[in-house]
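1. Dropping a prediction and its sequence here:
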Amino acid sequence: MDNVNFLYDLLGENVLSIALVVCLPLVFVLVYALIAILAELKVSAWIQERVGPMRTGPWGILQPIAEVVKLLQKEDITPDRASKLLYNMAPFIIFTGAYAAFAVIPFSEYFIPAGINLGLFYVFAVGSISAIGLVMGGWASNNKYSLMGAMRSVAQLISYEIPAAMAILSIVVLASSMNMQEINHAQTGWFWNWFIFGGPGPISKIWVIPFTMVLCLIYFISSLAETNRVPFDIPEGESELVAGFHTEYSGMKFAMFFFAEYANMFVVAAILTTIFLGGWNSPFNTFMQGPIWGSFWFVAKACSVVLVQIWIRWTLPRYRVDQLMYVGWKVLLPISFVCFIAVSLFVMLK
Amino acid sequence: MNDKKILELEYSTHDSDRMRINVGPQHPSTHGVLRLEVEIDGEIVTEVVPHLGYLHRSFEKHCENMTYPQITPYIDRMDYISAMNNEWPYVMALEKMMDIKVPEKVDYIRVIIAELNRIANHQIAVATFGMDAGAFTPFLYFFRDREYILWIFEKLCGARLLYNYFRVGGLSADIYPTFKEECLDVIKKVRKTNAEVMNLLINNKIFLQRTTKIGILPADVAINYACSGPVLRGSGVKYDLRKDETYSIYNKFDFDIPVGKGAAGILGDCWDRNMVRMDEMEQSCKIIEQALAQMPAEGDVKAAIPKKIKLPKGEVYMRAEGPKGDLGFYIVSNGSDKPERVKARGTSFVNLSVIPEISKGYMFADLILILGSIDIVLGEVDR
């Protein structure tokens, strides 16, 4: 891709523009996290027939800011026997893992922080960093609940990365590229060109559509597990592990975990959007198509996925740890293999 | 306790594979201040020892220094989720001792509010059980509906949780004019929510996977541990004091005793106990409907209340079917206006004792669900 980034076109490739490119997603994440927290509060309230926060600002819209201020004021407690270095590093590593993935998220046709060719591969590589952070936090807290939460989370992250990777690989086969922007370009046109509907091609692609839809579902389920959301919130399963790996964290460090969780939710939603839902492409061919509208479509699609994650959280009970493994290894993995083979066959015969 | 060894877990060999965890007293799902000392091997529970006494208020000793009517508010504080049901066996015991025949209308009102409180209790039980499984939304649906029942109680006696409504030989206040309509309205709402929760939670695939085939309590073990209420009936034993030892006017109503059938897994598992509670709510609705239809319009609820409550020398034991099971009061009187001794058979206390028996060998997450399915209230366990 020649013009991956409008800022480089405008300012040239210098320190200032690179710094801007680095900071732009951070600003986005901060704003998004505040909105997502409010959405979580409000959506859960509507699902449960409550009104949610109403006192802070009109209609309660300042509630997330109030929560951040509250967390900033809290005492930052480090347990006595905790391993201080690891304990203090863990939240930052987790957030780094979440934020690093933003480097390859294509917000628009002309904005991707780093248009590398191995985009999808990179997302997977940095996605695993958060597992290290979880273990560090859980181990260093010197708390049995934290330790159990950390052990569970690693098992969970590793087992669900495989079906997710299979789903992504199938799309890589379809698009014959790992570059996020190329995958997006391949889906230009009407919404039936999206990879959830088998990607662009003649009507004969129809038999592959069920497989790609199942792959999308598999990726979505795996992404729930990777972000520790219900029904896979076992590492922090409140009813048994109090708060899992972040039981001992308070104040701003807890806020970092919180922040990383919401950032992660957006990352997986963004990847789902990019590889299955057409990324920044308009669903209606050239209607509202373009770089600026593109970022609107992208954020709108990703936020809808986040909304579904919130919706699921307030509807379903939680899996048990062995059932979670069962679902991962014996249900999702074989199905994703079958879908992968079907998609590969489709590409071979095309 | 002299013999401290009984209370502490014993470690004959130091086994590094095993971890010892304190669940409680500060833990989100011990339903109060229960402390479970748990030994786990990986995720498998190998040993459970419940530690009690964090909410001990020496209820029984207090009773010895109070007159009989003064004791009733203390009884409310035992099982604070179903205070109306608590008061009933105590008041019945005094009535039996003093040989008082309560007016017919009082009996009907007592049945109606006791069943309403049973519904309220089961709503909390199922709601918290669902929350233990990670489903937060049904919890709030049930709390919304419970509020309507509490409003009725509030209008009846002015209190929302600790009522002090039962009097020896009567009640503290008569029903209000719109009582009947409001009860029928509540029943409608209860049934609607129950149908919704059946879809949302009870028959949910994940919930079924979580709650079936764990915490299996065979009928003989349940009887040996003197379990009662839904815990016993969940194991398939058809035992309910309302039928088996009919008191008050329960023989006038047509209702079933739901028992666990092992419909979703194995007989006596957590899901069965929970399902018994769901079914019992429906049966309570049926009883309330019948009672409302049969209730005499006229009658003074305070007619039979004696001016001075003084028991003859002797002793009495009276029990009734509370929402959690068999709740009894043993009262020894020395002829004065204060009891010599009051002993309560706390249902939750007896039911809780079965926990070590049924939770070994299951996963740690299951232990929380098993505890939730027993439905304990620590106010009654510790008294």
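-> Cool, the structure landed.

2. what about stretch B:111-122, average pLDDT?
-> The average pLDDT within stretch B:111-122 is 91.

3. So what touches it?
-> B:81-85, B:88, B:146, B:149-150, B:152-153, B:156, B:165, B:183, B:186, B:190, B:230, B:248-250, B:253, B:277-278, B:280-281, B:284-285, B:287-288, B:291-292, B:295, B:322-324, B:375 (Cβ atoms under 8 Å, 6 or more residues apart in numbering or on different chains). Any C-beta I mention is one placed from the backbone N, CA and C, and that applies to glycine too.

4. So which of the residues you listed are in helices?
-> Using DSSP state H, B:83-85, B:88, B:146, B:149-150, B:152-153, B:156, B:183, B:186, B:190, B:230, B:277-278, B:280-281, B:284-285, B:287-288, B:291-292 are the members of the contacts of stretch B:111-122 that sit in helices.

5. Am I right that residue B:298 falls within a helix?
-> No - counting by DSSP: H, G, I helix; E, B strand; the rest coil, residue B:298 is not found in a helix; it is coil.

6. I figured it was touching residue B:104, is that so?
-> No - here residue B:298 lies out of contact with residue B:104, judged by Cβ atoms under 8 Å, at a distance of 9.8 Å.

7. Look at these two and report which has more neighbours.
-> residue B:104 (14 against 7; other Cβ atoms under 10 Å in any protein chain shown).

8. isn't that one right next to residue B:297, touching?
-> No - counting by Cβ under 8 Å, residue B:104 stays clear of residue B:297, with 11.2 Å between them.

9. residues touching the residue nearest the centre of chain B, list them.
-> Closest residue to the average C-alpha location of chain B: residue B:324 at 2.7 Å, with Cα atoms, centre = their mean. For residue B:324, the contact set (Cβ under 8 Å, 6+ apart) comprises B:79, B:82, B:121, B:228-231, B:347-348, B:351, B:375-377, B:380.

10. For PyMOL, write a command that selects the buried ones of those.
-> Remark: buried members of those, expressed as a PyMOL selection using 16 or more other Cβ atoms under 10 Å in any protein chain shown:
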select buried, chain B and resi 79+82+121+228+229+230+231+347+348+351+375+376+377+380
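
11. List just the nearest of the contacts of residue B:324 to residue B:17.
-> Closest approach between the contacts of residue B:324 and residue B:17, by Cβ to Cβ: residue B:376, at 30.4 Å.

12. So that closest one versus chain A, what's the distance?
-> Residue B:376 is 15 Å from chain A, where distance means Cβ to the nearest Cβ, to the nearest Å.

13. ok, for the residue of chain A found nearest chain B, nearest residue in space, not its chain neighbours?
-> Residue nearest to chain B within chain A: residue A:318 (2.8 Å; Cβ to the nearest Cβ). Once flanking residues are discounted, residue A:318 sits nearest to residue B:134: 2.8 Å by Cβ to Cβ, 6 or more residues apart in numbering or on different chains.

14. Count the residues that sit near residue B:354.
-> By other Cβ under 10 Å, 21 other residues sit near residue B:354.

15. List the residues that contact it.
-> Residue B:354 makes contact with B:217, B:221-222, B:225, B:227, B:231, B:374, according to Cβ under 8 Å, 6+ apart.

16. Drop anything exposed from those residues.
-> B:217, B:222, B:225, B:227, B:231, B:374.

17. Keep only those of the residues you listed that are in strands.
-> If you go by DSSP state E, those have nothing in strands.

18. Can you pull out the low-pLDDT segments for chain B?
-> B:1-16 (pLDDT under 70).

19. Can you tell me which residues in it are near chain A?
-> Residues of chain B found near chain A (Cβ under 8 Å from any Cβ of the partner chain) are B:19, B:21, B:27-29, B:43, B:130-137, B:140-141, B:144, B:200-201, B:204, B:206-207, B:209-210, B:363-368.

20. Write the PyMOL selection for whichever of these are buried.
-> Entered in PyMOL, the line below selects the buried ones among the residues of chain B next to chain A, by 16+ other Cβ under 10 Å:
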select buried, chain B and resi 19+21+27+29+43+130+131+132+133+134+135+136+137+140+141+200+201+204+206+207+209+210+363+364+365+366+367+368
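
21. Determine the number of other residues adjacent to the residue lying closest to residue B:248 once chain neighbours are set aside.
-> Leaving aside its chain neighbours, residue B:248 sits nearest to residue B:107 (5.2 Å; criterion: Cβ to Cβ, 6+ apart). When counting by other Cβ under 10 Å, one arrives at 20 neighbours for residue B:107.

22. if I look at residue B:107, how far off is residue B:91?
-> Residue B:107 is 12 Å from residue B:91, where distance means Cβ to Cβ, to the nearest Å.

23. mind checking how far the residue nearest to residue A:289 when sequence neighbours are not counted is from residue A:175?
-> Excluding the flanking residues, the one nearest residue A:289 by Cβ to Cβ, 6+ apart is residue A:282, at 4.4 Å. Note on residue A:282: its distance to residue A:175, by Cβ to Cβ, is 19 Å.

24. Tell me which of the two has more neighbours.
-> Neighbour totals were compared for residue A:282 and residue A:175, and residue A:175 leads with 22 against 19 (other Cβ under 10 Å).

25. hey, where'd the strands end up in chain B?
-> For chain B, the strands defined by DSSP E occupy B:18-23, B:35-41, B:44-51, B:166-167, B:170-171, B:314-321, B:326-333, B:339-345.

26. Of all residues in the stretch 1-150 of chain B, which one is closest to chain A?
-> For the stretch 1-150 of chain B, the residue closest to chain A is residue B:134, as judged by Cβ to the nearest Cβ, at 2.8 Å.

27. Pull the contacting residues for residue B:323.
-> By Cβ under 8 Å, 6+ apart, the contact list for residue B:323 reads B:81-82, B:85, B:117-118, B:121-122, B:125, B:229, B:280.

28. So which of the residues you listed is the closest to residue A:133?
-> The closest of these to residue A:133 turns out to be residue B:125 (Cβ to Cβ; 38.6 Å).

29. centroid residue for chain A?
-> Of all residues in chain A, the one closest to the mean position by Cα atoms, centre = their mean is residue A:268, 2.2 Å from it.

30. That one: which element?
-> Using DSSP states H and E, residue A:268 maps to helix A:251-276.

31. Counting neighbours, which bits of that helix end up buried?
-> A:253-276.

32. for the record, mean pLDDT for it?
-> Mean per-residue pLDDT for helix A:251-276: 87.

33. residue contacts, residue A:251?
-> Shown in contact with residue A:251 (Cβ under 8 Å, 6+ apart): A:71-77.

34. Check the residues you listed and tell me the two furthest apart.
-> Largest separation among these by Cβ to Cβ: A:72 and A:77, giving 14.3 Å.

35. my guess is residue A:291 contacts residue A:106, does it?
-> No - counting by Cβ under 8 Å, residue A:291 sits too far from residue A:106 to count as a contact (10.9 Å).

36. Tell me which of the two has more neighbours.
-> residue A:106 (28 against 14).

37. in which helix or strand would I find the more buried one?
-> Per DSSP H and E, there is no helix or strand for residue A:106.

38. doesn't residue A:274 make contact with it?
-> Yes - using Cβ under 8 Å, residue A:106 is in contact with residue A:274, at 6.2 Å.

39. Helices of the stretch 101-250 of chain B, start to end?
-> Assigned by DSSP state H, counting those that start in this stretch, the stretch 101-250 of chain B shows helices spanning B:104-132, B:137-157, B:179-197, B:205-211, B:219-224, B:230-233, B:241-244.

40. And for the stretch 201-350 of chain A?
-> Using DSSP H, counting those that start in this stretch, the helices of the stretch 201-350 of chain A run over residues A:209-226, A:238-241, A:251-276, A:291-313, A:321-326, A:333-349.

41. Am I right that residue B:47 is in contact with residue B:357?
-> No - Residue B:47 is not in contact with residue B:357 according to Cβ under 8 Å; the separation is 11.7 Å.

42. and the helix or strand harbouring residue A:145 with chain B, contact?
-> For residue A:145, the element it lies in under DSSP H and E is helix A:144-175. Yes - part of helix A:144-175 sits near chain B under the criterion Cβ under 8 Å from any Cβ, namely A:144-145, A:148.

43. Alright, calling it a day.
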